[in-house]
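*Asks:* Can you look at this prediction? I've put the sequence above it.
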Amino acid sequence: AQKVTQAQTEISVVEKEDVTLDCVYETRDTTYYLFWYKQPPSGELVFLIRRNSFDEQNEISGRYSWNFQKSTSSFNFTITASQVVDSAVYFCALSERYSGAGSYQLTFGKGTKLSVIP
Amino acid sequence: GAGVSQSPSNKVTEKGKDVELRCDPISGHTALYWYRQSLGQGLEFLIYFQGNSAPDKSGLPSDRFSAERTGGSVSTLTIQRTQQEDSAVYLCASSLDASPNSYEQYFGPGTRLTVT
């Protein structure tokens, strides 16, 4: 069975600080996909990134960066120079490739609520 | 273009009543997913459709829950004889195809269901 753990329930940072959100996953498949979604106070989940298990290159998109390490089954998300607009709940999710019909569901972590204080 | 839409945005119902939640996916998206978000359980997968077929119903919590999709577009999630533990936000998502290696899921704003 697949599982996603986001150990940090809530994080508060002061604006312009860097912050890293942790994500650890469990899967038996060798082919799988990892995702990060953002849920702002408005409630709608916003897709941020998708990573497949064969691509361990770290990715940077503006102030966002992701560190994928298969050796530790982690897919951590860093926001550099945080802004108030980054305040949201962030979800890490996993999808397995070869688990039959259930392979297309996303298994989400419990989420990390990030508050950026001005 | 238009995103995923859901209706109603809020629904308050009495215990024991049936409710129907509607999802309009992004035009052209063949895959549609239902999730439930509650305080205690986080985000849970309920069911997904590829076209009008639902190959995976494993996430439906009980036989009081059912879903259908018609015309490869609109989907309805029905909860019969609602219970208080059904109170949650029900989220719908769609993607071009049910292939996580190619297509991300786009989520709607959700329907907040409160069972009194």
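*Replies:* Here it is on my side, so go on.

*Asks:* only C-alpha atoms for contact and neighbour calcs from this point on.
*Replies:* OK.

*Asks:* For chain B, which element, helix or strand, carries the lowest mean pLDDT?
*Replies:* strand B:53-56 (a mean of 82; mean pLDDT, DSSP states H and E).

*Asks:* roughly how far is that strand from the heart of the chain?
*Replies:* Mean-position distance between strand B:53-56 and its chain equals 13 Å (C-alpha atoms, centre = their mean, to the nearest Å).

*Asks:* and it, which residues are buried?
*Replies:* Across strand B:53-56, burial judged by 16 or more other C-alpha atoms under 10 Å in any protein chain shown covers B:54, B:56.

*Asks:* List the strands paired with the very next helix or strand once past it, with their directions.
*Replies:* With elements assigned by DSSP states H and E, the helix or strand that comes after strand B:53-56 is strand B:65-69. Paired neighbours of strand B:65-69 in the sheet (DSSP bridges): strand B:75-79 (antiparallel).

*Asks:* Next, count neighbours for the closest residue to residue B:110 other than its chain neighbours.
*Replies:* Of all residues not flanking residue B:110 in the chain, residue B:91 sits nearest, at 4.4 Å (C-alpha to C-alpha, 6 or more residues apart in numbering or on different chains). Around residue B:91 there are 28 other residues, counting by other C-alpha atoms under 10 Å in any protein chain shown.

*Asks:* repeat for the one 5 residues further on
*Replies:* Residues within reach of residue B:96, counting by other C-alpha under 10 Å, total 20.

*Asks:* and it, how far is that from chain A?
*Replies:* 12 Å (C-alpha to the nearest C-alpha, to the nearest Å).

*Asks:* In contact with that residue, which residues?
*Replies:* B:28, B:29, B:30, B:31, B:103 (C-alpha atoms under 8 Å, 6 or more residues apart in numbering or on different chains).
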